[in-house]
Structures are given as structure tokens and as C-alpha cells.
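1. no FASTA, just this:
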């Protein structure tokens, strides 16, 4: 049967796994979390946010994401059958653990929140961010820029843009260690997009990549996206007249450095349009990084 504490720990782990499953489902379909608010019964935007908080929602009084909620999420996002079954199974497990805890104790949520709070208090505090004097940071940044520029010239590389990788390079080196990238997503007219965010040497960088039919001429755009506020937080960074001239070619826009406020989690949001004027569409979101 398991003790009360063991059941709480299992439920907390299931809620964390469910939150990651929902986030991954949203990312795979290029949808913000608010998309689910009008498509899951009695689910407000704040309730969706709590579901995405994982085990932390045990301290609240909200409805937990059970089997029926997960079924509606899978339907709303039109998930493939296997992924839908996985999500629904997570919800079923949450329902079962919740019912067992309700049978153990009427006020189980308060006791569970107390246990989670004690565990959090026992965790070691994170190391404080080491501040760097502004002048020192500026000098260091300038030094890195000069060294990188000279290295690029000596190596015969272009300083302005990152060259499109070959098909083989895309498979082996398209996503570096620590990068947070979306899956390649259908963006319309046979075009597929990928959005990525990374942190390197204290700098946040974003990038988009595009592939599609030979002959495609596209403008690309990428910007930072606050995953909690669900809105872009930087200007649109654009690459114009990107031309696909061969089968399997990938065009790259970035890496662009951005400087959003510290604290939130940021994703990269990428879009495209046919070369020329008009609004960008086909947007996709990467997974997020805490800044």
C-alpha cells in the first residue's frame, strides 16, 4: 500500500512528469499554454499554469490534472496516438494516487504541502550569482569579440552569419549541449521550422532554422518569448530573402544575442513568411531556459 509519505512522494513525481509531458506536447504543436484554457473543460489560464508547476501545486487547492483532463489536452493538441496514450496514462496514475491519499486522510493536501515544504527547506541553497563590475564585463566582452573576429578571419569564416549546415552536420551537430530546441515543426507550404535558445559564457542566444521545398524564398524571424507571461519580450530579429537551392538544405537565422530581464524562463519563438512583405506566421516555440 505504501505510507502516506511514500504516496505523497509518488504523486509529486507524477505531477512533475505530467507537467513536463504537457509542456512537451505544447512545444511539439507550437502552442502557448493559454491555448488549452478554452479547450479543456473548466480549465482557466491560472489552472493550466498550476498544472505546469508540477509538484508545487500540492500547496494549492486546484483540481489536479487527472485522466480526463489529460485526454482533453491530447485531443485539443491532436497528439499522435502513442503520445496521447502516455499523457492519459500519467493522468490515470495521478487520479489513483489522489484517491488513495483521500482515503488515508481527509485533509491530505495540507499535510502533503507541509511535507513538501519541509523537504524544500532541507535542500541546499543555490550558490549566489557572482556579480561582475560593469567595466570589467565590458572589457572582457570586447576582448572576446576581438579574439573571435581575428579567429574568424584567420580561419576564413564569415563574421556576419553562421553558414547553413549540411544535411550530415544537421544530424550530428544541429543541437549543441545545453541548447533548448523545438522539434522540427510544420509551418505551412511544406516548410518546417526549428527554434532554439542557449546560454553561452553568460550570454543568452536565440536562433531559428528553416527547411523545405527547393526554390523556397523566405524571410525568417526569431525573438525571445517569456514562457510565463506567454508573450514576446524582444524585438523581431529578421533574416531576409533566404533561398533554398538544393534538396535538404537548411537556412539559419542566428545565433542572435538578446538581453531580456533576469529571472523568468525564456524560449525562442520562430516564424517565417514568403520573401517580401506581410505578417510572419507558422510560429514554433523552443523549450525554455531560466535566465
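-> Structure received. Fair warning: this is a prediction, and the values are worked out from it, not measured in the lab.
2. Below-threshold pLDDT in the stretch 151-291 of the chain: ranges please.
-> For the stretch 151-291 of the chain, the stretches with pLDDT under 70 are 151-177.
3. Recalculate using a threshold of 80.
-> Low-confidence segments of the stretch 151-291 of the chain (pLDDT under 80): 151-178, 262-263, 291.
4. where along it do the helices fall?
-> Remark: helices assigned in the stretch 151-291 of the chain by DSSP state H, counting those that start in this stretch are 167-173.
5. so residue 223 bridges to which residues?
-> Under DSSP bridges, the beta-bridge partners of residue 223 are residue 269.
6. So what's the residue count around it?
-> Counted with other CB atoms under 10 Å, the neighbours of residue 223 add up to 25. (Each C-beta comes from the backbone N, C-alpha and C, glycine too.)
7. Same check on the one 5 residues further on?
-> Other residues within reach of residue 228 by the criterion other CB under 10 Å amount to 13.
8. and the residue nearest to it when sequence neighbours are not counted, what is it in contact with?
-> Distances taken as CB to CB, 6 or more residues apart in numbering place residue 264 nearest to residue 228, at 5.7 Å, with adjacent residues excluded. Contact partners of residue 264, counting by CB atoms under 8 Å, 6 or more residues apart in numbering, are 226, 227, 228, 229, 290, 291.
9. how far away is residue 73 from residue 214?
-> 37 Å (CB to CB, to the nearest Å).
10. same thing with residue 116?
-> 54 Å.
11. more neighbours, the two?
-> residue 116 (18 against 11).
12. okay but that one is in contact with residue 55, surely?
-> Yes: shown here, residue 116 and residue 55 form a contact pair, counting by CB atoms under 8 Å, at 6.4 Å.
13. Overlap of the contact sets of these two?
-> Listed as contacting both residue 116 and residue 55 by CB under 8 Å, 6+ apart are residue 12.
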